[in-house]
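1. got a structure for you, letters missing:
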């Protein structure tokens, strides 16, 4: 057997844009007569790479960069438009935990259902059944219908099934990183075991920490193309520098205010004054607003609002309320809003700002810049609650007396 | 194990792989059976009540009111023999027809031979089929209708029945992904087919000049074949081979079209 586990040659994948769930028959008939212009886009462009047996590879890239499409092609869920993939070994792909779980069936029945969907035989499941149930910790409820399970129990049982697959090549999407911190640890631990046993692991993630602990090499995918392949630390720094966000707010035409002071750029910086594209929970973050003021403005007030991707306002940071005053502002300069510990669970957030002066709006822009928060340390314990357990984190300590 | 993935690699029917996933085939069928009667008070009794109710209506309308001539065979027995084949067909066709759309989440997240999904519906419906046959046997004892020695042919006709149901079902399952219009075709086919197939009446009631057209319906010969197997009266119409040809054609082209569509299923579903 060759030592190459996965070999990808000139791989291309095309999708139709604005694809409805399906085309209607009428549309197809219509298209026979009028050559309508269809919009296509290439989700993957000219990919070439090799992954060796026993290697753990992390695939990193922004949302929509083509990571999931690549995993789907490698796991035969969808087929490439052009090109060739050669895979040596039995593949298991986990793009979701609990695929096919049926709420009306008991935990036991779902273990068999999910296991066979993942490609195990009933005999294999039978022989590992006790182990699977023990790992999940839901022994007591194994004969209860899954619809009565809590979501945590469901995820634990589902992951437990997946964890007992014995593939030669394991393909994992970051969706596995959902659930509570304890569960995430368990997931990562199990994946580390798999990688340690000399199996090939292909892992997609936004969580740089997980890529760092699990993988040896990193692939950065950018707009469907390979941006970088190489050693993990270099791949991570390549990715972070690539996603640096110097926001193009000058192109926005939905600004409000009279414009006598204008924000001309927003950048995010870390504690070393490096420009960053994202931050982590508990990290230092400086949001810098570069401005230009035509006239002298005394005591302007700058406010930012941070909202989550459901558009729920989470917090307002207001320069006057925090006791920060700026005297006689004129010309160019920078307002920096310094957040010592980002109190946000991992996710995507949006920053809106407004600048007031002399009783009127000078400049304001909704959702001026997006803020990607990745997993990080907040309490110094390495554990943080997930977004489902609370929208913000608060620095607090526990005591017993 | 070496796998090659290219744009064309889904087109071949990989029977070995299909066989490897046989457990999934059974597990999916068992799931559907369990789920179907979960939380129903009568449970499996529904599978008995359904054919009985239809049979009652048919017997009252065609047997009593219209007085369809079924020769020596009492009407309820005559009708049920046809209905058992037809119910199997209509159930499998409608279930497998919508099966791929229904399994969309699975298809988008995991690889397995997609054909397993429509195929497993053929197994689910065997339970209902067995119940219908059991009722038929009870009725035959009650009406003192002797079983013909042709009964040994029944498995062959039943295999044809499976092939027809799956052939149409597999066609519909892949067509529905591309064109949702085909969702509306299923009830339409069932409604028309119920009368365009000799279920409530014997095949010889159709004028000879229409027999050729009539046998383009693949279920015509199968329903006839069922009656021939149970009661052994007159032999099949000479056009029956046309029906069988249509069955074979639908089954083979259905699988070919399905394999062609398999490539884009996860993108379209």
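-> Structure received. Since the model is a prediction, treat every value here as computed from it, not as a measurement.
2. please, where are all the helices along the stretch 51-200 of chain A?
-> Secondary structure of the stretch 51-200 of chain A by DSSP state H, counting those that start in this stretch: the helices cover A:67-74, A:107-117, A:122-136, A:151-163, A:181-196.
3. need those helices in CSV with distance to chain B, can you?
-> Using the backbone N, CA and C atoms, a C-beta is placed for each residue, glycine as well. Below are the helices of the stretch 51-200 of chain A laid out as CSV (distance: least, Cβ to the nearest Cβ, whole Å):
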stretch, distance to chain B
helix A:67-74, 7
helix A:107-117, 4
helix A:122-136, 5
helix A:151-163, 10
helix A:181-196, 17
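4. and of these, who's closest to residue B:48?
-> The closest of the helices of the stretch 51-200 of chain A to residue B:48 is helix A:107-117. By Cβ to Cβ, the value is 24.4 Å.
5. any chance of JSON lines for the helices of the stretch 51-200 of chain A, columns mean neighbour count, distance to residue B:13 and mean pLDDT?
-> Below are the helices of the stretch 51-200 of chain A laid out as JSON lines (neighbours: other Cβ atoms under 10 Å in any protein chain shown; distance: least, Cβ to Cβ, whole Å; pLDDT from 0 to 100):
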{"stretch": "helix A:67-74", "mean neighbour count": "23", "distance to residue B:13": "21", "mean pLDDT": "90"}
{"stretch": "helix A:107-117", "mean neighbour count": "24", "distance to residue B:13": "20", "mean pLDDT": "91"}
{"stretch": "helix A:122-136", "mean neighbour count": "16", "distance to residue B:13": "24", "mean pLDDT": "91"}
{"stretch": "helix A:151-163", "mean neighbour count": "21", "distance to residue B:13": "29", "mean pLDDT": "83"}
{"stretch": "helix A:181-196", "mean neighbour count": "17", "distance to residue B:13": "33", "mean pLDDT": "74"}
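6. low-confidence regions, the chain specifically.
-> As the question left the chain open, I've gone with chain A. A:1-2, A:17-38, A:175-184, A:209, A:240-248, A:251 (pLDDT under 70).
7. the chain in question should be chain B.
-> In chain B (pLDDT under 70), the answer is B:10.
8. which bits of it sit near chain A?
-> Counting by Cβ under 8 Å from any Cβ of the partner chain, chain B comes close to chain A at B:1-7, B:9-10, B:21, B:23-24, B:26-28, B:30-31, B:34-35, B:38-39, B:105-112, B:177-181, B:263-264, B:266-269.
9. in PyMOL, select just the buried ones from the residues you listed.
-> Of these, the buried ones go into a single PyMOL selection, burial set by 16 or more other Cβ atoms under 10 Å in any protein chain shown:
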select buried, chain B and resi 3+5+9+10+21+23+24+26+27+28+30+31+106+107+108+109+110+111+112+177+178+179+180+263+264+266+267+268+269
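10. coming back round to it: can I get the helices of the stretch 51-200 of chain A in a markdown table including distance to residue B:230?
-> Putting the helices of the stretch 51-200 of chain A into a markdown table (distance: least, Cβ to Cβ, whole Å) gives the following:
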| stretch | distance to residue B:230 |
| --- | --- |
| helix A:67-74 | 50 |
| helix A:107-117 | 37 |
| helix A:122-136 | 36 |
| helix A:151-163 | 46 |
| helix A:181-196 | 57 |
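11. just the residues of chain B next to chain A: which are in helices?
-> B:23-24, B:26-28, B:30-31, B:34-35, B:105-109, B:177-178, B:263-264, B:266-268 (DSSP state H).
12. need the longest strand for chain A.
-> The residue-count maximum for a strand in chain A (DSSP state E) belongs to strand A:360-374.
13. helices or strands next to that one in the packing?
-> Counting contacts by 3 or more Cβ pairs under 8 Å, 6 or more residues apart in numbering or on different chains; DSSP states H and E, strand A:360-374 packs against strand A:261-269, strand A:278-280, strand A:347-357.
14. wait, which of the ones you listed is closest to residue A:195?
-> strand A:278-280 (23.4 Å).
15. immediately after that closest one, which helix or strand?
-> Using DSSP states H and E, the helix or strand that follows strand A:278-280 in sequence is strand A:285-297.
16. partner strands of that next one and their direction?
-> Paired neighbours of strand A:285-297 in the sheet (DSSP bridges): strand A:261-269 (antiparallel), strand A:329-339 (antiparallel).
17. okay if I get these as JSON lines plus mean neighbour count?
-> Listed next are the strands paired with strand A:285-297 as JSON lines, based on neighbours: other Cβ atoms under 10 Å in any protein chain shown:
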{"stretch": "strand A:261-269", "mean neighbour count": "20"}
{"stretch": "strand A:329-339", "mean neighbour count": "15"}
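18. roughly how far apart are residue A:298 and residue A:347?
-> 38 Å (Cβ to Cβ, to the nearest Å).
19. if you could redo that for residue A:250, that was the one I meant.
-> Distance of residue A:250 to residue A:347, computed by Cβ to Cβ: 27 Å.
20. likewise residue A:202?
-> The value you get for residue A:202 to residue A:347, if Cβ to Cβ is used, is 25 Å.
21. of those two, who's got more company?
-> Using other Cβ atoms under 10 Å in any protein chain shown, the more surrounded residue of residue A:202 and residue A:347 is residue A:202, with 25 against 17.
22. am I right that the more buried one is in a strand?
-> Yes. Residue A:202: assigned to a strand according to DSSP: H, G, I helix; E, B strand; the rest coil.
23. ok, the residue nearest to it when sequence neighbours are not counted - contacts?
-> The shortest distance from residue A:202 to any non-neighbouring residue, by Cβ to Cβ, 6 or more residues apart in numbering or on different chains, is to residue A:171 (4.8 Å). With contact taken as Cβ atoms under 8 Å, 6 or more residues apart in numbering or on different chains, residue A:171 is in contact with A:71, A:74, A:75, A:91, A:92, A:93, A:94, A:95, A:202.
24. same check, this time on residue B:91
-> B:121, B:125, B:128, B:165.
25. mind telling me what element it is part of?
-> Per DSSP H and E, residue B:91 falls inside helix B:75-102.
26. what residues of that helix count as buried?
-> B:75-101.
27. how about stretch A:271-280?
-> Quick answer for stretch A:271-280 (16+ other Cβ under 10 Å): A:276, A:277, A:278, A:279, A:280.
28. give the contact list for the last one.
-> By Cβ under 8 Å, 6+ apart, the residues touching residue A:280 are A:342, A:346, A:373, A:374, A:375, A:376, A:377.
29. go again using 10 Å as the cut-off
-> The contact partners of residue A:280, taken as Cβ atoms under 10 Å, 6 or more residues apart in numbering or on different chains, are A:207-209, A:270, A:342, A:344, A:346, A:372-378, A:384.
30. wait, doesn't residue A:163 sit right on residue A:193?
-> Yes. Assessed by Cβ atoms under 10 Å, residue A:163 is found in contact with residue A:193 at 8.8 Å.
31. count the residues that sit near the residue of the stretch 151-300 of chain A found nearest chain B.
-> Closest to chain B within the stretch 151-300 of chain A is residue A:168: 8.0 Å, counting by Cβ to the nearest Cβ. The tally of other residues near residue A:168 (other Cβ under 10 Å) stands at 18.
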